[in-house]
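Asks: Got a sequence here, can you model it:
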Amino acid sequence: MSRIIIFNVNWLGDVLFSTAAIRNIRRNFPDSYIACVIPSRCHHILKGNPHLDEIIIFDEKDKRSGVIEKINFIRSLKEKKFDMAFLLHRSFTRALICRLAGIPVRHGYFTKKRGFLLSKKIPLPKKDSLHRIDFYLNLIKGAGFKVGDRFLEFFLEDSDVKFVDDFLKKNSIGQDDFTVVLNPGGNWMLKRWPKEYWAELADRLIGGFGAKVIITGSPADMPLVAAIKKLMKNAPVITCGVFNIKHLGALCRKAKVFVTADTGPLHIANAVGAKKIIALFGPTSVQVTGPYPLDNVVVLQKDVGCIIPCYQVNCKDNRCMKAILPREVIEEIIKI
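Replies: As a prediction, the model looks like this:
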């Protein structure tokens, strides 16, 4: 039985996109032992994934992850005796770790810096020419293996669903209520919708539609959500610091509408089959990081004359996100 290790990527949405690759690797190696390396913040994305035998935590850029920690990590991989690696991440360090760990077969995208560390060098596609899902699947194809499908997977447990049910009941939110979940956060500031817009949208939903509005986010989003609440006339229900990613998935499955920017929770909601998603896109490309499938998703994005995708991290205007108005989101919700 072969032993395979997958070195995954660093961000929630990208790890979720990689679930199609993980499933297809399992199909090519149904009887193999398959482990996946991810940073701790992404653990919940793959927790419970039946295609994996093991999840290994490795925080490459953690302050505690110095030379000694990396040596110990390499030693632990060597002891596990993996014979094949799929490097979804383009990191030089991770390719070097696989080489030093004695993994004989190392599949990865070729770059000048790390090409000598790979045993199977897959040509790197042109930047932004593929959706992230296909970027990872293309590596599998390039390594000579079959790819059968490209959908995402996110697995919930009964305890996750119960936690959310209990929370909703405690906050007097019933199954028949018009529940709208708003996700204002995002790891990249330029992808965020203005807080004033979120406040206006939430107030109009509560005041005009009698909606039960839930604002969600990670603990890091608490200041943003507090600022939105301060701008509101009505009181939303807030789950920041209460829900983990699994709970968010269970909540999105129950909500009538989920409104979010291009960030990990968008793809979690889509993977669990949320009833209706409104995705707000500005500086990023729907063709590269957009939701898949689009059956239950409305994407709002305005042409403001900028090049998309835009990587101008110092942009002070953010006009692409400001161009999407709250009334346009309301119009989409009215259609629902």
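Asks: Please count neighbours and contacts with C-alpha atoms only from this point.
Replies: Fine.
Asks: Provide the secondary structure category for the closest residue in space to Ala250 that isn't next to it in sequence.
Replies: Distances taken as Cα to Cα, 6 or more residues apart in numbering place Val161 nearest to Ala250, at 5.4 Å, with adjacent residues excluded. Recorded secondary structure, Val161: helix (DSSP: H, G, I helix; E, B strand; the rest coil).
Asks: Now do the end-to-end distance for stretch 122-142.
Replies: 6 Å (Cα to Cα, to the nearest Å).
Asks: how far does that stretch sit from the chain's center?
Replies: 18 Å (Cα atoms, centre = their mean, to the nearest Å).
Asks: Which parts of this structure are helices?
Replies: Counting by DSSP state H, residue ranges of the helices within the chain are 12-17, 19-28, 43-46, 67-80, 92-100, 132-142, 158-170, 195-209, 222-231, 245-254, 264-271, 286-289, 319-322, 326-335.
Asks: rewinding a little: correct me, but the residue nearest to Ala250 touches Asn244?
Replies: No - contact criterion Cα atoms under 8 Å: Val161 and Asn244 do not qualify, at 11.8 Å.
Asks: Low-confidence ranges, this structure, go.
Replies: Low-confidence segments of the chain, defined by pLDDT under 70: 61-65.
Asks: Now do the domain split for it, please.
Replies: Taking automatic domain parsing as the reference, the chain has its domains at 3-142, 159-335.
Asks: quick one: which of those domains is nearest Phe151?
Replies: Ranking the domains of the chain by proximity to Phe151 (Cα to Cα) places domain 3-142 first, at 5.7 Å.
Asks: Which residues does stretch 283-301 contact?
Replies: 128-132, 151-152, 190-191, 262, 266-267, 270, 274-282, 308-311, 320-321, 324, 332 (Cα atoms under 8 Å, 6 or more residues apart in numbering).
Asks: how far out from the middle of the chain is stretch 116-124?
Replies: 26 Å.
Asks: about what we covered before: in strands only, show me the contacts of stretch 283-301.
Replies: In strands, defined here by DSSP state E, the members of these are Ile277, Ile278, Ala279, Leu280.
Asks: most surrounded residue in those residues?
Replies: Ile277 (28 neighbours; other Cα atoms under 10 Å).
Asks: Lys191 contacts Ala279, doesn't it?
Replies: No - using Cα under 8 Å, Lys191 is not in contact with Ala279, being 11.0 Å away.
Asks: just to revisit the earlier point, the more surrounded of Val161 and Asn244?
Replies: Each of Val161 and Asn244 has its neighbours counted (other Cα under 10 Å); Val161 has more, 19 against 16.
Asks: so who does the more buried one touch?
Replies: His247, Ala250, Leu251.
Asks: List the single closest residue to the first one in space, sequence neighbours excluded.
Replies: Beyond its immediate neighbours in the sequence, the residue positioned closest to His247 (Cα to Cα, 6+ apart) is Asp160, lying 5.4 Å away.
Asks: how many neighbours does the one you found have?
Replies: Asp160: 18 neighbours (other Cα under 10 Å).
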